[in-house]
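Peer 1: 3D, please:
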Amino acid sequence: MKPALIIGSTCVDIIIHIDHLPKTEENLHPTSQTMALGGCAYNVAHMMRLFHAPHTFITPIGTGIYGDYVIHQLTALQIPLSVRVPNQENGCCYCLVESGGERTFLSVHGAEYTFQKSWMDSYPAEDYQFVYICGLEIEESTGMQLIEYLEEHPCLKVCYAPGPRGAILSSEKAQRMLSLHPLLHINEQEALALSGCSAFQNAAEVLYAQTRNTVIITLGAQGTYCKEQDGKTFFIPSVPAKHVVDTIGAGDAHIGTILALLTKGYSLRKAISCANLVSAAVVETSGATISAEQLPAALSQYLKA
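Peer 2: The predicted model follows:
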């Protein structure tokens, strides 16, 4: 199987634990604050590494204190520094985690969300099978370059995670992305917003009609609903988390697991079953990623089933 291309951000997550979101003029005392690598594309690439799935990670790295942090951490992990942007600072993401584990993001975007087609000159598209794209990069001023790159290389199977910003993209960007016939990975709230529907089943129908490809809708604690490329639908229940620490990165881990296993030749159903298991493990852990040691012990049974 050919490797996957993962294109997008590596940012710094500043995780702040608070009892509840602050109100105007309220004075809160966070219980803790930590820093870690984050960014949707980085989180997806992390899952590719955990599953030893072949891939290339294209992530632009800027300057400043956050750029320095990213460089230091990626170097320590022996991850190649594929793109350097010397004239723009890296941003960060403030992750406000409430006592119940839900998170709210305040993202300061920098070089990590930009894209230039010239960055891809050393990576022939024909050498790859899937390409992962997040809506955050499409929203940026350079997002049209990313769309054009995908349009110019129809050999790539696009895996698109619009995210919460997907519903507010310009109509041109949104339409051109869906016209690429991507595999769509989206949560229930995002699916309803993007489709204009009030039920996820109807949302899947509307989005499928636009993409003519697989639509995967995550339903949190309920599980995952999927409308396959051939039009058939199925539902896979979730694996309950023992306890919720935070939900940062759960969606990224879910699509990262699916993409890793599809790249390795597993079926979509098996990939989603494993993704449900892995995302449950992620919400049991602080931050967006888990280590190889934290992968669920039952995973091997799922893959053999």
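Peer 1: which stretches of the stretch 51-200 of the chain form strands?
Peer 2: Taking DSSP state E, counting those that start in this stretch as the criterion, the stretch 51-200 of the chain contains strands spanning 55-58, 60-63, 83-89, 92-97, 103-108, 130-134, 157-161, 183-187.
Peer 1: quick one, helices of the stretch 1-150 of the chain?
Peer 2: Taking DSSP state H, counting those that start in this stretch as the criterion, the stretch 1-150 of the chain carries its helices at 40-50, 64-76, 135-139, 143-152.
Peer 1: what pLDDT, on average, does the shortest one get?
Peer 2: It refers to helix 135-139. In this model, helix 135-139 carries a mean pLDDT of 95.
Peer 1: change the start of the numbering to 58 and stick with it
Peer 2: From this message on, residue numbering opens at 58, which makes the last subject helix 192-196.
Peer 1: got a list of contacts for that helix?
Peer 2: Contacts to helix 192-196, defined as Cβ atoms under 8 Å, 6 or more residues apart in numbering, come from residues 64-66, 97-98, 164, 166, 170-172, 200, 203-204, 217-220, 222-223, 225-226, 230, 234. No exception for glycine: its C-beta is placed from N, CA and C like everyone else's.
Peer 1: Against Arg326, how distant is Leu264?
Peer 2: 19 Å (Cβ to Cβ, to the nearest Å).
Peer 1: Likewise for Thr342?
Peer 2: Here Thr342 is placed at a distance of 26 Å from Arg326 (Cβ to Cβ).
Peer 1: swap in Leu319?
Peer 2: Here Leu319 is placed at a distance of 11 Å from Arg326 (Cβ to Cβ).
Peer 1: and these two? which has more neighbours close in?
Peer 2: The neighbour comparison of Leu319 against Arg326 (other Cβ atoms under 10 Å) goes to Leu319, with 23 against 12.
Peer 1: Which helix or strand contains the nearest residue to the more buried one once chain neighbours are set aside?
Peer 2: Counting by Cβ to Cβ, 6 or more residues apart in numbering, Leu319 lies nearest to Ala328, which is 5.5 Å off, once chain neighbours are set aside. Ala328 is part of helix 325-340, with elements assigned from DSSP states H and E.
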